[in-house]
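Enquirer: got a predicted model here, sequence first, then my questions.
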Amino acid sequence: MARTIIEPFRIKMTEPLPLTTRPQRERYLADAKFNVFKLRASQITIDLLTDSGTGAMSAAQWAAMMTGDETYAGSESFYQLEAVVRDLTGMKHVIPTHQGRASEHILFTVALKPGDVVLANAHFDTTRANVEYLGGVAQDLVIAEAGDPRNEHPFKGNIDLNRLEAELRSRGDKVAMVLMTITNNRGGGQPVSLANLKAAHELAHRFGKLFFLDAARFAENCWLIKQREPGQSSRSAREIAEEIFGLADGFTMSCKKDGLVNIGGLLCLNDDALADKARSLLILTEGFPTYGGLAGRDLAALAQGLTEVLDEGYLEYRLASVRYFFNLLDRLGVPLMRPAGGHAVYIDAAQFAPQIPRWEYPGVSLVNELYLEGGVRAVEVGTLMFGRPGALHDEPAALDLVRMTFPRRTYTQSHVDYLGEVVGSVFERRHRLAGLNITRQSPILRAFTAELEPLKAETPAQGGR
Ligand SMILES: *Cc1c(COP(=O)(O)O)cnc(C)c1O
């Protein structure tokens, strides 16, 4: 039998990839002040900035778009979506939103009081920002293994159950909920095991707390459970998903990930009173409860996407393509965050270019080289994004990583082979990579807008920049 796991689709509509020359890219990058967030799509050949909203929809989803019902109140597309979500998750209340952070804002507004604590394996950035904006405290309790890129633990998204229990005991009266992010995006798309989800659920309920999911990548998490967790290999991804959703009192979801759509979110709840409050706020900020900030056609595409995402041929291909790229780079000796995660491959930039001091942004240096080499856009997840400006130089982030994120159903194996060559040739001359200086930055979320300038490779590393 053939061993190659093929893309389980053929291409019906194409979109040209911009092809550029190295001199063009040098100019584009300089014009972008050496920050790839400022590049334009037409300057990028392969865009691995994010997997959010960047995937390809299926013919069935486009067909559903055409039959989307744009009725303001009572859209049939809403009832289709509600039926699909209820069938999968068992949730009583299905509330559409325009994207994940809107669900988070509404949930935390109705479920938190100032000073309340949310205990999570790991809060995604927007989740943490919404908790904190509403006066709450977002506490991450991911297992210690997650902090070591070389540790091969199969479920590095797991919550530390001892610490969770200790927190519930010591400040239980302040805790509003336990929230599990599946998969852990910040930590490398690492999954949470079913056993860990069950145990966290049991602890939350023993202490009378709500148990919530951030389900942005639930299907990828379920597939990794099927592949990696003892006793789960004979179950379908859908059975595993049903069991996980069955544990939860509710969930938020960015449908731009495992909803397989370009825009959309969900807030689902079992509690009637909480759902009433959420819907009132939804009307104020998003729209009527049967469309929640989306067009009817978006609801229709989402209903279809949530069905397709649990197709095992799709999931096998999806996780295999991430693993394929991981293995390509691993064979070259590129330092990676291990093991392969669900939606991205992370390069350890501090190891890749150890000659660059952490406060001269080795991750940005690598990202920029990848762009210059092959028109590939990756994203730094390190000191530019999470470091704090200090007196002499930045306080480095915990890790300096470069994330190469895979949009869903968008690139083929030859694109991935090309990516391997691009990373490979930058890796061969890694000793020549040099750091950068920030010339301009904003006090919050600087990574998106910062302006930088490259330092010369010969310049000896100096503090105080
Ligand atoms: C993307 C994401 C969100 C936020 O969703 P948006 O649709 O971008 O607003 C929340 N949690 C996780 C885990 C995510 O990956």
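Expert: Received, thanks. Numbers count the residues shown, from 1 in each chain.
Enquirer: name the nearest residue to residue 144, sequence neighbours excluded.
Expert: Excluding its sequence neighbours, the residue lying closest to residue 144 (Cβ to Cβ, 6 or more residues apart in numbering) is residue 160, at 7.0 Å. Any C-beta I mention is one placed from the backbone N, CA and C, and that applies to glycine too.
Enquirer: check residue 293 too.
Expert: residue 98 (3.4 Å).
Enquirer: compute the distance between the one you found and residue 282, please.
Expert: Residue 98 is 10 Å from residue 282, where distance means Cβ to Cβ, to the nearest Å.
Enquirer: between the two, point out the one with more neighbours.
Expert: Between residue 98 and residue 282, counting by other Cβ atoms under 10 Å, residue 282 is the more crowded of the two (24 against 19).
Enquirer: what kind of secondary structure is the more buried one in?
Expert: Following DSSP: H, G, I helix; E, B strand; the rest coil, residue 282 is assigned to helix.
Enquirer: re earlier: any idea of the pLDDT on the residue nearest to residue 293?
Expert: Residue 98 carries a pLDDT value of 98.
Enquirer: what of residue 443?
Expert: pLDDT for residue 443: 82.
Enquirer: same question, residue 172
Expert: In this model, residue 172 carries a pLDDT of 83.
Enquirer: thinking it is in contact with residue 207, fair?
Expert: Yes - judged on Cβ atoms under 8 Å, residue 172 makes contact with residue 207 at a distance of 5.2 Å.
Enquirer: so which residue of the stretch 201-350 of the chain comes closest to the ligand?
Expert: residue 254 (3.0 Å; Cβ to the nearest ligand atom).
Enquirer: hang on, I meant the chain
Expert: residue 100 (2.4 Å).
Enquirer: tell me the contacts of that residue?
Expert: 126, 214, 216, 252-256, 265 (Cβ atoms under 8 Å, 6 or more residues apart in numbering).
Enquirer: where does this protein have low pLDDT?
Expert: Along the chain, the model assigns pLDDT under 70 to residues 457-465.
Enquirer: regarding it, what is its longest strand?
Expert: strand 175-181 (DSSP state E).
Enquirer: rewinding a little: how close does the residue nearest to residue 293 sit to residue 287?
Expert: Residue 98 is 8 Å from residue 287, by Cβ to Cβ.
Enquirer: ok, what's across the strand from the residue of the stretch 201-350 of the chain closest to the ligand?
Expert: residue 265 (DSSP bridges).
Enquirer: count the neighbours of it for me.
Expert: Neighbour count of residue 254, defined by other Cβ under 10 Å: 28.
Enquirer: would you confirm that it contacts residue 52?
Expert: Yes - counting by Cβ under 8 Å, residue 254 touches residue 52, with 6.8 Å between them.
Enquirer: need the residues touching each of residue 98 and residue 287.
Expert: By Cβ under 8 Å, 6+ apart, residue 98 and residue 287 have these common neighbours: 293-294.
Enquirer: neighbour count: residue 172 and residue 207, which is higher?
Expert: Applying other Cβ under 10 Å to residue 172 and residue 207 shows that residue 207 carries more neighbours, namely 16 against 12.
Enquirer: give me the element the nearest residue to residue 436 once chain neighbours are set aside is part of.
Expert: Once flanking residues are discounted, residue 436 sits nearest to residue 452: 4.4 Å by Cβ to Cβ, 6+ apart. Assigned by DSSP states H and E, residue 452 falls within strand 451-454.
Enquirer: also residue 402?
Expert: strand 401-405.
Enquirer: what separates that strand from the chain centre, distance-wise?
Expert: In this view, strand 401-405 has its centroid 11 Å away from the chain centroid, taken as Cα atoms, centre = their mean, to the nearest Å.
Enquirer: is that strand positioned near the ligand?
Expert: No - contact of strand 401-405 with the ligand is not found when judged by Cβ under 6 Å from any ligand atom; the minimum separation is 10.2 Å.
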